[in-house]
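In: Sequence and predicted structure, then a few things I'm wondering about:
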Amino acid sequence: MTAPLLDVRDLHVEFRTKRGSVKAVDGLSYQVRPGEIVALVGESGCGKSVSSLALMGLLTKPAGRITKGEILFEGVDLARLPEHEMRKRRGRDIAMIFQEPMTSLNPVLPIGLQLAEPLLQHRGATVAEARRRSAELLAMVGMTDPERRLDQYPHQLSGGMRQRVMIAMGLACDPKLLIADEPTTALDVTIQAQILELLTSLSRQLNLAVILITHNLGVVARYADRVNVMYAARQVEGGTAERIFANPRHPYTRGLLAAVPRLDRPRNAALATIDGAPPNLANPPQGCRFGPRCAHRTETCETDPVLAEVEPDHLARCWHVDAMSNDQEPAPPASVRSGPQREPILTANGLSRHYAVKNGGVFSRRHGIVRAVESVSFDIMAGETLGLVGESGSGKSTIGRLLAGLEEPTAGHFSIALGDQADATARRRAVQVIFQDPTTALNPRMLVGEIIAEPIRVHRLAIGKIAIDARVASLLTSVGLRADMVERYPHELSGGQRQRVGIARALALEPRFIVCDEAVSALDVSIQGQIVNLLEALQRELGLTYLFIAHDLAVVRHIADRVAVLYLGRLMELGPRDAVFANPSHPYTRALLDAVPVPDPVAERARGTRTLKGEIPSPLKPPAGCVFHTRCPIAKEACKQSIPPLRETAPGRFVACLEA
Amino acid sequence: MRARQPLRDFATNQPLGATALAFLTIFLLLAIFAERIAPYDPVEVDFAAMLSGPTREHWFGTDAFGRDILSRVIYGARTALGIGILASGIGCALGSIIGVASAYFGGKTDLIVQRFVDMLLAFPIVVLALVVAASLGRMPVLGIDLNLVVAIAIPIIPKVARVVRSAALGVRAMAYIDAARTAGFSHVRIVLRHMLPNVMGPILVLATAYVAQAILLEAALSFLGLGVAEPTPAWGLMLAGNATDFYREAPWVVIFPGLAVTLVVLAFNTLGDALRDYLDPKLGI
């Protein structure tokens, strides 16, 4: 085995705050070898990003500092290196790419200049050399027409292309180590697959060591050689990807793996969850940090477990590693849902939403039309969940906003079956929304109690303080929160708790139909399962109908009865969940499913790579004919000519493709 | 975010701002209890003590009519703070509502409101106040000229509306506004209950800054003869009129009222800056 390029030994990072110091990283040790991809996995706040910022010497000073440990990079301890020495290594030996390609490129400089900067800085290259090298780098990361791209500005590039530019910038000085912090979290699955394929091939080709920081276990399984799982500032498990995925020995890792809905496994009745939420690091629990959430907890766990080798190349920090060995708890199989009444509650007919894009200003003429949604028709049956999937820009959120009455359709209409005596207010109440980001969905200046009570008071669903308070308390209980939460402000709650408050607020109006707009995408894996299960339980109890909008296909497969696939504002495929997932008819659906990584390295390597080429075209200039033909692997000449109609290929299955 | 003891928290985080706040509180108390604190009647003419320098009897000296300057400065605080706070309050309240509503409704409403705001902004603030003050005449209530308040408040409205609108545009994009709309709340409720509280930070800062501006404007209008009339004690007035004839021989005639204006304006500006930093969560940690 080659000598490690990077050897992190017992790293401790602390942040000083007014309320005392917080240990953000508490004894992390791992090694990275050249040409190896090492993943740091964990939920938000577990210290994975902080530890890599510490590697780069980029901790926010003076609040954050390394209190203990060594970061040996080619034998030099980076933790003790003075800033001017560190600056030489940063960018030249170690490069970093960030999650949000939107904000990590400077919007007022052409990308050529930004690419050339590290070359001029570290390599002493001339301007002409730097430009030639920049074009080479762009070609290397798979950008077409690199010469012309150099003069483009970041806003002229798509998210995926920006991330390619970021990678090119990182590679500019031939670094030995690349730190990728959630490099694909902001990207669509097909683009995610392209970017990660690129990173892997570059790593092999250039013998580049990569630290991949992510929360996505599927990504880890497909691309990482070694995995380190972090929880509450500590490393709980580490080893090769094969060993960890084949036989996870820490209950947290096991819980995480069980909590992810998977496309390669049969669908279970309920998602496995990890109870509770990660601890507050300002005041961590005694003994095992995972103890309070662990089902295997015993008295031994009161003392801190040590990270010990459970087998070669596999470490775990748990007293009960032996009890964890290979006893895959059988999950209860999915029960066939007692066939809900097949009466459509919502019928949408030729729904379209166009936006006029202007140059800005009073006297400007119309510039173009964005066809966000283009004549989409579907029914939603009472008591069912319709999953709506597609990449960003496919118009799925716009459909949700149209149904919720937040926007008016440009053409077409939809109707909700509520009985004859329903007036406008009743219709309004009947449709509610659960939003993606629970942080922005709750008014930060209102107490939780006020947030939930307000709709009840405005619509006079309960009269008098006692009745309203009782209703609020019962709503909080029904979403799994304690009734005494009413006295809290949203910022005092965790992400999962906030999302529960958002659900309680939606339920306050006793709706029939709820639009879940990416309702679980902003949540950590262990919390996501809890919310999905809650939504399903509420549906059974209250007979709710959901439109579940999501980009995560595995979650949609879990929760939806039927699935609709959108591309560039048009419906590509619609059908029963099992049929669509098992046997997709439309090439786009197939491509989407192929792009989703599953958390199993063996299965992943067997699947090989089938990435969709190119990117979603601009909705300002959608391709003529079938909108998908520019990326379609089976497109024929005819696909460029005529728009394929949505036709029924089997009872209840609709496909818009000439070839299917 | 929200401290249990906001005052103490503010004092530890923003010592300079807290000092300004304490200073302004003293002035406010002086203004409220002027009758008890002032050693003399501010309008009492005493020709025996004309243009007396600072003495044990008259700490700040006397003016050309032998009126006690300390007493006039203390009573002047009543005019200055009264008009300043009222005018800034009215201007900021109206400006905020216009700004928030403009951002909330958007589209054509926003366009029309903002062009109207542009129009008002095109006038220099003093000229606009002069026109309003001259055309309205005088209407004193409780010793404060309400028309002067209106004249000073009107130029504040468009400036506040413009700033608050841009802050409100950010709030408009938040999902909780969509949530309020799906819940079927009225526009008035959404604007007042959901949007306004979330732009309070900039509004508070603007309000303190415009109290200072309003005091200056009141002084300027009084100086130009359109504000407070003799013999009412007002700082601007004390610097105007025959004070200009005597300041060489009797500098105390202008020094003390000038100092009062300067210090109060400085204090309001310092308080405004401190409040802005204190309310900005990004600077909090």
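Out: Done, it's in. Residues are numbered from 1 along each chain as shown, chains lettered A, B, ... in the order given.

In: ok, which stretches of chain B are helices?
Out: Here chain B has its helices, by DSSP state H, at B:6-13, B:15-32, B:34-37, B:69-105, B:107-122, B:125-136, B:146-172, B:175-182, B:187-189, B:200-223, B:235-239, B:243-246, B:252-279, B:281-284.

In: Distance of the residue nearest in space to the middle of chain B relative to chain A?
Out: The structure's chain B has its C-alpha centroid closest to B:Val211; by CA atoms, centre = their mean the separation is 1.5 Å. In this view, B:Val211 and chain A are 24 Å apart by CB to the nearest CB, to the nearest Å. The way it works is simple: take the backbone N, C-alpha and C, and place the C-beta from them, glycine included.

In: Kindly report the same for B:Ile215.
Out: 30 Å.

In: Run a quick neighbour tally on that residue.
Out: Neighbourhood size, B:Ile215 [other CB atoms under 10 Å in any protein chain shown]: 27.

In: Hmm, B:Ala267 and it touching each other?
Out: No. With contact defined as CB atoms under 8 Å, B:Ile215 does not reach B:Ala267; the gap is 10.5 Å.

In: List the residues that contact the residue sitting furthest away from the middle of chain B.
Out: Most distant from the centre of chain B: B:Thr182, at 39.2 Å, with distances by CA atoms, centre = their mean. Neighbouring residues of B:Thr182 by CB atoms under 8 Å, 6 or more residues apart in numbering or on different chains: A:Ala404, A:Gly405, A:Leu406, A:Arg428, A:Val431, A:Gln432, A:Val433.

In: Quick check: mean pLDDT of the host helix or strand of the last one?
Out: Put plainly, it is A:Val433. Using DSSP states H and E, A:Val433 falls within strand A:431-434. Strand A:431-434 comes out with an average pLDDT of 91.

In: Kindly report the residues of chain A close to chain B.
Out: Chain A comes close to chain B at residues A:17-18, A:63, A:362, A:401, A:404-406, A:425, A:428-429, A:431-433, A:435-437, A:440-446, A:454-455, A:458-459, A:489, A:491, A:502, A:505-506, A:509, as judged by CB under 8 Å from any CB of the partner chain.

In: Now a PyMOL select for only the buried ones of these.
Out: Per 16 or more other CB atoms under 10 Å in any protein chain shown, the buried members of the residues of chain A next to chain B correspond to this PyMOL selection:
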select buried, chain A and resi 401+404+406+428+429+431+432+433+435+436+437+440+441+442+443+444+445+446+454+455+458+459+489+502+505+506+509
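
In: what about stretch B:46-54, how long is it end to end?
Out: 15 Å (CA to CA, to the nearest Å).

In: List the contacts of that stretch.
Out: B:57-58, B:60-67, B:246, B:249-250, B:252-253.

In: Ok, stretch A:632-652 next?
Out: Outside stretch A:632-652, the residues that reach it (CB under 8 Å, 6+ apart) are A:377, A:562, A:571, A:574-576, A:579, A:585, A:587-588, A:591, A:623-629, A:654-660.

In: Buried only: go through those for me.
Out: The neighbour-count criterion (16+ other CB under 10 Å) marks A:562, A:571, A:574-576, A:579, A:585, A:587-588, A:591, A:623, A:625-629, A:654-658, A:660 among the contacts of stretch A:632-652 as buried.

In: Low-confidence regions, the chain specifically.
Out: Just going to use chain A. By pLDDT under 70, the low-scoring segments of chain A are A:1, A:268-269, A:324-342, A:358-367, A:419-422, A:608-611, A:660.

In: I was thinking of chain B, sorry if that wasn't clear
Out: For chain B, the stretches with pLDDT under 70 are B:1-4, B:138-144, B:241-244, B:280-285.

In: Could you list the contact residues of it toward chain A?
Out: Close to chain A, as judged by CB under 8 Å from any CB, chain B has residues B:1-2, B:111, B:174-176, B:178-185, B:189, B:193-194, B:197-198, B:200, B:285.

In: and with 6 Å instead?
Out: B:1, B:174-176, B:178-179, B:181-185, B:194, B:197-198 (CB under 6 Å from any CB of the partner chain).

In: Could you identify the most distant pair in these?
Out: Comparing all pairs in the residues of chain B next to chain A by CB to CB, the longest separation belongs to B:Met1 and B:Gly184, at 29.4 Å.

In: Looking at these two, which has the bigger crowd around it?
Out: Using other CB under 10 Å as the criterion, B:Met1 and B:Gly184 rank with B:Gly184 on top: 19 against 10.

In: What residue in the stretch 101-250 of chain A comes nearest to chain B?
Out: Proximity of the stretch 101-250 of chain A to chain B (CB to the nearest CB) peaks at A:Thr103, 14.9 Å away.

In: Separate out the buried members of the residues of chain B next to chain A.
Out: The neighbour-count test (16+ other CB under 10 Å) marks B:Met174, B:Ala175, B:Tyr176, B:Asp178, B:Ala179, B:Arg181, B:Thr182, B:Ala183, B:Gly184, B:Phe185, B:His194, B:Asn198 as buried among those.

In: I'd guessed the third one sits against A:Arg445; true?
Out: No. In this structure, B:Tyr176 is not within contact of A:Arg445 by CB atoms under 6 Å, at 9.8 Å.

In: picking up where we left off before, which secondary structure element is home to the residue of the stretch 101-250 of chain A closest to chain B?
Out: Per DSSP H and E: helix A:101-104 holds A:Thr103.

In: For A:Val537, give its distance to chain B.
Out: No, residue A:537 isn't Val; it's Ala. 22 Å.

In: Just give me the neighbour total for that residue.
Out: For A:Ala537, using other CB under 10 Å, the count is 14.

In: Give me the buried positions along the helix or strand where it lies.
Out: Assigning secondary structure by DSSP H and E places A:Ala537 in helix A:525-542. Buried residues in helix A:525-542, defined by neighbour count with 16+ other CB under 10 Å: A:525-536, A:538-539.

In: Which of the residues you listed lies at the shortest distance from chain B?
Out: The closest of the buried residues of helix A:525-542, once distances to chain B are taken by CB to the nearest CB, is A:Ile531, at 15.9 Å.

In: how about the residue nearest to the closest one when sequence neighbours are not counted, secondary structure?
Out: Spatial nearest neighbour of A:Ile531, chain neighbours left out: A:Val520 (5.1 Å); criterion: CB to CB, 6 or more residues apart in numbering or on different chains. Three-state assignment for A:Val520 (DSSP: H, G, I helix; E, B strand; the rest coil): coil.

In: which residues touch A:Val520?
Out: Shown in contact with A:Val520 (CB atoms under 6 Å, 6 or more residues apart in numbering or on different chains): A:Gln528, A:Ile531, A:Val532.

In: who touches the first one in this structure?
Out: Think A:Gln528. Shown in contact with A:Gln528 (CB under 6 Å, 6+ apart): A:Val520.

In: One more pass at 8 Å, please.
Out: A:Ala259, A:Val520, A:Val555.

In: Also B:Thr208?
Out: Shown in contact with B:Thr208 (CB under 8 Å, 6+ apart): B:Ser88, B:Phe268, B:Asn269, B:Leu271, B:Gly272, B:Leu275.

In: which is the next helix or strand following the helix holding A:Thr103?
Out: helix A:111-118.
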